[in-house]
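>>> Here is a sequence with its predicted model. Questions after.
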Amino acid sequence: MDEIVLRAIAKWPDVPSVYNWLRLDRRGNWLVKGERIGNTAVVEFIGRNYEPDAQRRWYFQNGPQRVFVTLAYTPLVYRLEPTADDALGLRAHTGRLAADMRAAWMDERGDILVETELGLGLIVDRDLPLILERLTGPSGEALDDATLDALVGESPLLGGPALRLRLANQRLELRRIDSQRVPARFQFDPDPRPAPGEPEC
């Protein structure tokens, strides 16, 4: 967190939290009451001061005030970014570059989710064509059109060959996941609400 934020928390420790005000959409945009925040400095400030609490509710620490975030899907949104060795890495919507690719999933809609040391994130939709180019069979072989069509269509390829996703010179097994189970599986609250009797702004 920014030093100025930490000083504000120490000075005013009991400021009520805010709920249902800030939202993260599926493209990594911050929205206030449905309106996208376009100011670059504000976006960067939110990204630097965004993290989960002990209950896995993600929030933006706005000075002394905690602003809980409503998530359209995952806590992070990743964009592909070229690396120095001509591979493709992931940069979170917060501006941080992921270093450790841990696991990858595809949901029933064809969305790709990746877990890194930063947390779980959705690959932004405009990068999906590049992601599909990086899917391979279990031995690194390219996939034919029929396999790709089955992968992103209704067929879950259950019992089929393991597929791999190449990111930042790592090969991750691509697993299947039901989007409805994602919050419970990764233990985060997509829609934080105040506890009974809790003051809020």
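Thanks, I have the structure now. Numbering: from 1, shown residues only.
>>> what's the next secondary structure element after the helix-or-strand element of the chain with minimal mean pLDDT?
Among the helices and strands of the chain, helix 3-11 carries the lowest confidence by mean pLDDT, DSSP states H and E, at a mean of 59. Using DSSP states H and E, the helix or strand that follows helix 3-11 in sequence is strand 18-24.
>>> Give me the contacts around that next one.
Contacts with strand 18-24, where a contact means CB atoms under 8 Å, 6 or more residues apart in numbering, come from 30-34, 46, 58, 60, 62, 65-72, 75, 77, 93, 192-194, 200-201. Any C-beta I mention is one placed from the backbone N, CA and C, and that applies to glycine too.
>>> List the buried residues for the next helix or strand after that strand?
Toward the C-terminus, strand 18-24 is succeeded by strand 30-32 as the next helix or strand (DSSP H and E). Within strand 30-32, the residues that count as buried by 16 or more other CB atoms under 10 Å are Trp30, Leu31.
>>> and if you look at stretch 69-88?
69-80, 88.
>>> So for that stretch, mean pLDDT?
Stretch 69-88 comes out with an average pLDDT of 90.
>>> And that stretch, end to end?
End-to-end distance for stretch 69-88: 29 Å, by CA to CA, to the nearest Å.
>>> Ok, stretch 107-122 next?
10 Å.
>>> and the residue nearest to Thr136 when sequence neighbours are not counted, what are its bridge partners?
Spatial nearest neighbour of Thr136, excluding adjacent residues (CB to CB, 6 or more residues apart in numbering): Arg164 at 4.9 Å. Per DSSP bridges, the residues bridged to Arg164 are Thr136, Glu173.
>>> can I assume Ala146 sits in a helix?
Yes: assessed with DSSP: H, G, I helix; E, B strand; the rest coil, Ala146 lies in a helix.
>>> so what's it scoring on pLDDT?
The model's pLDDT for Ala146 equals 73.
>>> Equivalent analysis for Met1, please.
Reported pLDDT for Met1: 61.
>>> Report the residue ranges of every domain in this protein.
Using automatic domain parsing, the domains assigned to the chain come out as 3-72, 76-185.
>>> one step back: among the contacts of strand 18-24, name the ones in strands.
Per DSSP state E, strands hold the following members of those: 30-32, 58, 60, 62, 65-71, 77.
>>> between the domains of the chain, which has the poorest average model confidence?
Note on those: lowest mean pLDDT is at domain 76-185, with a mean of 85.
>>> Can you tell me, leaving aside adjacent residues, what's nearest to Ser179?
What sits nearest to Ser179 in space, not counting adjacent residues and going by CB to CB, 6+ apart, is Asp107, at 4.3 Å.
>>> What separation do you get for the one you found and Leu132?
Distance, Asp107 to Leu132, by CB to CB, to the nearest Å: 15 Å.
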